[in-house]
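Asks: any chance you can model this:
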Amino acid sequence: MPSRLLALALLPALAAPAGAAAPPRPRLPEAAEMLAAILWGGPVGPGRGWYQPPRSAYGWGWLAARFDADGDGAVTRREFRGPPELFDRLDRDGDGRLTPADFDWSPDSPAARRDRLVEALFRRADRNLNGRVSADEWQALFKEAAGGKGGLTREDLRALLYPPRPARANRPAASGMPSWGTLLKRLLSGEIGSPFEGPAVGEEAPAFRLRTHDGGRAVSLAEFRGKRPVVLIFGSFT
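Replies: Numbering: from 1, shown residues only. Predicted structure coming up:
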C-alpha cells in the first residue's frame with residue numbers, strides 16, 4: 001500500500017496521542033493499525049498493531065446458546081455437556097462457571113494480566129531456561145528479592161512481581177526487536193505484513209494454488225475443501 005494511502009487511513013487514529021482517551025471509531029484496516037502502533041512508539045505486541053485479540057465463531061455467544069439452560073449468563077458444570085477436562089480448560093479463572101470473562105482474550109482482561117504476571121515471574125526464576133523452576137532457582141530468586149534479609153516485605157514482593165520498566169530509548173530493545181524506524185521502513189515497503197486482510201470470521205478462505213516448498217508440485221485449496229479439516233496460515237514473522 002502506498003505510504004500516502006496509509007497516512008490517509010491513519011488520520012482518525014492520529015487524532016489522539018498514545019494513551020489518551022479517544023472517542024469510539026470504526027476499526028481501521030490492519031495495516032493502518034500497525035502503522036499507528038509503530039509511529040506511537042513502544043513495543044509492538046499484544047493489543048497493538050496486528051496483534052489484536054483473536055476472533056472466533058465459537059466464542060461465548062456460541063457456547064451460551066447451547067449450554068446456558070437457565071439463561072443466567074453462566075454455564076455450570078452440570079449444564080456443560082462436554083468432557084470435564086475441556087470445562088477445566090475453558091474455566092480460565094477457576095471459579096467453576098463459564099462466563100464471558102473466560103472468553104475475553106483481550107490483553108487487558110483479568111486472565112491476560114494474570115498470565116503475563118505468571119509468565120514474567122517464571123522467566124525470572126527459570127535461570128537455566130529448561131521450562132521448570134527448581135528449588136535452587138526459587139531460592140536464588142528469593143535471595144535476590146530479599147536483598148540479604150531473612151524475609152520479604154510487602155515492598156520486596158511488589159518489586160519482585162512488578163519490577164520497574166527499563167528506560168525507553170530510541171534503539172532496538174534488548175530482546176532483539178528492531179527500531180521503530182526499521183519497522184516503519186519494512187511496513188511501507190511491504191517487507192512485513194500486507195495491506196490486504198484475510199477473510200473475516202464466517203467467510204470462506206480464498207481459493208489459491210501454490211507450489212510446495214521444494215517446487216515439486218502445486219497445491220490448491222480445492223483439493224481439501226469439504227474433505228478434511230485444513231489449517232491455513234497466510235502470514236508469519238517466523
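Asks: contacts and neighbour counts: CA atoms only from here.
Replies: Fine.
Asks: could you report the neighbour count for the residue nearest to Lys143 when sequence neighbours are not counted?
Replies: Nearest non-adjacent residue to Lys143, counting by C-alpha to C-alpha, 6 or more residues apart in numbering: Lys149, 7.7 Å away. Lys149 has 11 neighbouring residues, counting by other C-alpha atoms under 10 Å.
Asks: helix, strand or coil for Lys149?
Replies: Following DSSP: H, G, I helix; E, B strand; the rest coil, Lys149 is assigned to coil.
Asks: from Arg89, how far out is the nearest residue to Thr76 once chain neighbours are set aside?
Replies: Leaving aside its sequence neighbours, Thr76 sits nearest to Arg97 (C-alpha to C-alpha, 6+ apart; 4.8 Å). When C-alpha to C-alpha, to the nearest Å is the yardstick, Arg97 and Arg89 sit 11 Å from each other.
Asks: where exactly do the helices run in the chain?
Replies: According to DSSP state H, the chain carries its helices in the segments 3-10, 30-40, 60-67, 84-90, 110-125, 135-146, 154-161, 180-189.
Asks: point out the most buried one among those.
Replies: Across these, averaging neighbours per residue (mean count of other C-alpha atoms under 10 Å) puts helix 30-40 on top, at a mean of 20.
Asks: counting by contacts, list what it packs against.
Replies: On a contact count with 3 or more C-alpha pairs under 8 Å, 6 or more residues apart in numbering; DSSP states H and E, helix 30-40 meets helix 3-10, helix 180-189.
Asks: might you calculate how far that helix sits from the centre of the chain?
Replies: With C-alpha atoms, centre = their mean, to the nearest Å as the basis, helix 30-40 stands 16 Å off its chain's centre.
Asks: likewise stretch 188-197?
Replies: 19 Å.
Asks: ok, stretch 116-131 next?
Replies: Offset of stretch 116-131 from its chain centre (C-alpha atoms, centre = their mean): 18 Å.
Asks: repeat that for stretch 212-229.
Replies: Relative to the chain's own centre, stretch 212-229 is displaced by 29 Å; criterion: C-alpha atoms, centre = their mean.
Asks: rounded mean pLDDT for it, please.
Replies: Averaged across stretch 212-229, the pLDDT comes to 88.
Asks: ends of that stretch, how far apart?
Replies: Stretch 212-229 has an end-to-end distance of 19 Å (C-alpha to C-alpha).
Asks: residue ranges with poor pLDDT in this protein?
Replies: Confidence mapping of the chain against pLDDT under 70 gives the ranges 1-27, 42-43, 45-47, 166-177, 234-238.
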